[in-house]
Structures are given as structure tokens and as C-alpha cells.
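Participant: Here's my sequence, what's the structure:
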Amino acid sequence: MPCGGAGAAGPVRAPLARPGAAGEDALQLALDWAGDPAVEAAIPDVILPIAPAAAPTFDDPEFGGQWYLDELGMVDLFERGLGDPSIRIGVIDSGIDVSHPDLAPAVLAPLDIVGDDDDPTPDDPTDDHGTAVSGIVAARANNGDGIVGMCPECTLVPVRLIGANELSGDVAAFEHMLEQNVAVVNNSWGFTEVITVPSALEEVIDRLARTGRDGKGTVVVFAAGNDSREIRPDELQAMERVLCVTALDRYGLPANFTNEGLSVDVAAPAATVSIAPNDGIITNFGGTSSAAPVVSGIAGWLLSLAPDLKAAEVRDLIRDTAYKTSQVTFQGGHHPVYGYGEIDPVALVAALDAEDAPDPVDEEEAPKGCGCDHTTSGFGLLGALALAGVARRRHGRGR
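Facilitator: Alright, predicted model coming up:
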């Protein structure tokens, strides 16, 4: 029946009188048929080679050594975008070389608590910690220099804090993040002694996590620490609204120095390759200091896709979609070293797409008798399931 219902006038399909003969011009044959009033359309059946979509390529010279990007599936996910400059990621750390070509275009509102000015550049050129952490988070892509950050088009708000011992400086660093409306803040540092988090610091971090980013909350990430001990429930990393991150090696095994405990939320690869001051490169970075910015960068990249997510929703998504290795037992869904599992950006995106998918059409209620398209398009739930399958295969490396 023609599209449009019973009795509707419309074109009919005429049987092909004859196929094209060998050597006959297919285009000319199609044109001849198109001139027949009984033919709706005539299209040559041409050969169209099909190939998988190519993953993005980058001209950053150290990109090939960033195994952790491939392990996490970020190279393919970068097809969705490289981040959004409106998403600000704060890095509170040691000195940060804000003139590094991989960071300079990203920097906004730098602050030096140690020197009491707006230049967090390290005094000691061998101080590469803050620069390396910042590079993992937001190093620019396709600039012919250095590496590719986890969120290479997000904005970086760098603060130099390590070296200042006053509690007022700690508080000021987080107040700066509130003032700058950051979406995520990375903390690859901790106190040199095991202490209860000071109440003034606890208050400002909690306030940032609840009310930052125009009331949606800021995702606060802390490295678990590298002391091979259990984290006490009254420490910085154990705060309720903090994401506590442990470190894994490139085989998905826990680093033998990483702290652990009930407060651990998620594990991440210790990113070994990053940038160093004076346009340098570091290839042996590690520890939970390098795992935390992996999580911070992914959180910023996720918020670039879904800027309306609240900080609590981001934390829940990261925990809920984390990959649980079969090598250990997760008691009640949690493990003292892996937390709720290894961060899984592919599953994160799948979950996000599933949440955004339209409700399925009820076949009993759907209109019938017309060839009009009533199906939905886009990723949707099927795309989510397919991506989740990719995530499982990606992690199928015997661990």
C-alpha cells in the first residue's frame, strides 16, 4: 500500500524491465529509468568501501607514550570532543610552570600562596610535581609540543600551595577555587603527618563541594597518598564529598605504596608521562599524585559533555561505573585499594547516554500503515550497551 494510508495516491514500484548489461554505463541507465513517469527513483548500485571511523590523531610528540590514554579508552572518546574552555579545573600543588607551551593557553587566574602573588612558577627548576600534575589534567592537544591532557581544552586554574605551612594558606587556596567557579579541583598533596583535617579547612572544602560552580558543586579530588597505610576516617582524603583516588600500574595492579581503606572511592592508572618545567618532559612520574589528575581531567571532560551535572552526580557516576577487576573480592561493592573499581570513562559515557536516551516507543500505541520513521536515533540505550561492551573488552587483559 502506498505511504499515507488507504486510497492515498502515490508512486508505485515498477519492476525492473532488465538489468544493466555488462559494460553498460550504470549512470546512463539510471538516468534513463529516472525519466520514466512510473519510476520514483533510479540510483546506480555503486560500490562504496566502508571502514571504521579513525580515532583522533595528535601531533604532540609524547602522545605515543601516554599508554594510560589508550588503556582508559580516552583516545576513542576524544571523538566526542576535547573538553570545553568554560569548564575550569583547579590544580592546587607545588610550583606550576604557567609559561609551558602545553599549559600557557589554558591558564586562568593563577595564584601563588607561597610567594603571595599571581605567579605560581616554581623557584626551583627541578620542582616538576605541580607542572606534571597540571599537564595530565589539561595539556593542550595538537600544538606540536609535549603531551595530550585528559581534558585538553578545559581551562586550568593553577595554585601554588606546597611550601606554605599556614592553615590560612590552605583555606585561601580553596577560597580561590570558589571565587573562580571551578568545576573540578585536583589535590595531589597531603599533610606530612597523619592528622585530623582542621575544621576551617574542612568547612571550606565542604562548602566548595556543595556550592561551587554556581551552586552545582565542585568535584573535589584528593590523592590517597603513598605511605602504604590505612586512611583514617578523620583525614582530608576521607571527607564525605571528596573523591579519594588510589594508583594502579599499567597492568591494572595496585601500586605497592598506595594508601587504602574504606575512604577510597576509585582507582586510576598512575600516569607516568607528563610535562616538566622549561618545556621539559617527565617519563617516570607516578604515585597517587599522578592518578588523581587522571580522575580530575576525566571529571572535567565529562562535565564538558554534561555541564548541568551536579558534583554529587559526577561522584556517583564515577563510582557506579567503575570497572571491578576479577582479581580481588569487592565486599559490598567496595575494595580497600580499588575502592569501587578502576575509573572507566567508556562506561561513564555509556551511562550518561543511557540517561539522556528518549523513552522507547510503545509498539501498541505507535501509528501503523505508514513508512514514516518512528524510530529514535543517536547513542541512546543501545549505544550505551555497545560502549559498555567495549569497556569490558578494553579491560580484558588477564587481570
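Participant: I'd like to know how many residues surround the residue lying closest to residue 101 once chain neighbours are set aside.
Facilitator: Distances taken as Cβ to Cβ, 6 or more residues apart in numbering put residue 145 closest to residue 101, at 4.7 Å, once the chain neighbours are dropped. Every C-beta, even on glycine, is put in place using the N, C-alpha and C of the backbone. Per other Cβ atoms under 10 Å, the neighbour tally for residue 145 reads 17.
Participant: Does residue 243 touch residue 219 like I think?
Facilitator: Yes - between residue 243 and residue 219 a contact is recorded at 6.6 Å, counting by Cβ atoms under 8 Å.
Participant: re the thing from before, quick check, the residue nearest to residue 101 in contact with residue 105.
Facilitator: No - Residue 145 lies out of contact with residue 105 (Cβ under 8 Å); the separation is 10.7 Å.
Participant: Report the contact partners of residue 242.
Facilitator: 205, 209, 220-222, 236 (Cβ atoms under 8 Å, 6 or more residues apart in numbering).
Participant: measure residue 130 to residue 214 for me?
Facilitator: Distance from residue 130 to residue 214, counting by Cβ to Cβ, to the nearest Å: 27 Å.
Participant: The two: who's more crowded?
Facilitator: Between residue 130 and residue 214, residue 130 has the larger neighbour count (other Cβ under 10 Å), namely 28 against 8.
Participant: picking up where we left off before, what residues are shared contacts of residue 243 and residue 219?
Facilitator: Residues touching both residue 243 and residue 219 by Cβ under 8 Å, 6+ apart: 299, 315.
Participant: Compare the two and say which is more crowded by neighbours.
Facilitator: Set residue 243 next to residue 219 and count neighbours by other Cβ under 10 Å: residue 219 wins out with 32 against 28.
Participant: I'd assumed residue 311 was in contact with the more buried one.
Facilitator: Yes - under the contact definition of Cβ under 8 Å, residue 219 touches residue 311, with a separation of 4.9 Å.
Participant: Return every residue with contacts to both of these two.
Facilitator: Jointly contacting residue 219 and residue 311 under the rule Cβ under 8 Å, 6+ apart are residue 209.
Participant: Which one (most neighbours) among the contacts of residue 242?
Facilitator: For these, neighbours were counted using other Cβ under 10 Å, and residue 221 has the most, 32 neighbours in all.
Participant: give me the element that residue is part of.
Facilitator: Mapping residue 221 onto the secondary structure by DSSP states H and E places it in strand 219-223.
Participant: Specify the angle between the following helix or strand past that strand and strand 219-223 in degrees.
Facilitator: Moving toward the C-terminus from strand 219-223, the next helix or strand (DSSP H and E) is strand 242-248. For strand 242-248 against strand 219-223, the angle between stretch directions is 40 degrees (axes from the mean of the first three to the mean of the last three Cα atoms, to 10 degrees).
Participant: tell me the contacts of the closest residue to residue 310 other than its chain neighbours?
Facilitator: Using Cβ to Cβ, 6+ apart and skipping residues adjacent in sequence, the residue nearest residue 310 is residue 216, 4.8 Å away. By Cβ under 8 Å, 6+ apart, residue 216 lies in contact with 308-311.
Participant: now these as CSV including neighbour count and pLDDT?
Facilitator: Written out in CSV, the entries for the contacts of residue 216 read as follows (neighbours: other Cβ atoms under 10 Å; pLDDT from 0 to 100):
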residue, neighbour count, pLDDT
308, 7, 97
309, 22, 98
310, 14, 98
311, 24, 98
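Participant: could the residues you listed be laid out in TSV, adding distance to residue 180?
Facilitator: Output for those, formatted as TSV (distance: Cβ to Cβ, whole Å):
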residue	distance to residue 180
308	19
309	19
310	18
311	15
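Participant: and the contacts of residue 242, which two are the farthest apart?
Facilitator: Of all pairs drawn from those, the widest gap by Cβ to Cβ lies between 209 and 236 and measures 12.4 Å.
Participant: can you give me the strands in the stretch 151-300 of the chain?
Facilitator: Counting by DSSP state E, counting those that start in this stretch, the stretch 151-300 of the chain has these strands, from start to end: 155-160, 184-187, 219-223, 242-248, 266-269, 274-276, 280-282.
Participant: Out of those, the one nearest residue 333 is which?
Facilitator: Among the strands of the stretch 151-300 of the chain, strand 266-269 sits nearest to residue 333 (Cβ to Cβ), with 12.1 Å.
Participant: How about residues contacting the closest one?
Facilitator: The contact list for strand 266-269, computed with Cβ under 8 Å, 6+ apart, reads 67-68, 71-72, 243-250, 252, 254, 291-292, 294-295, 318-319, 322, 337-343.
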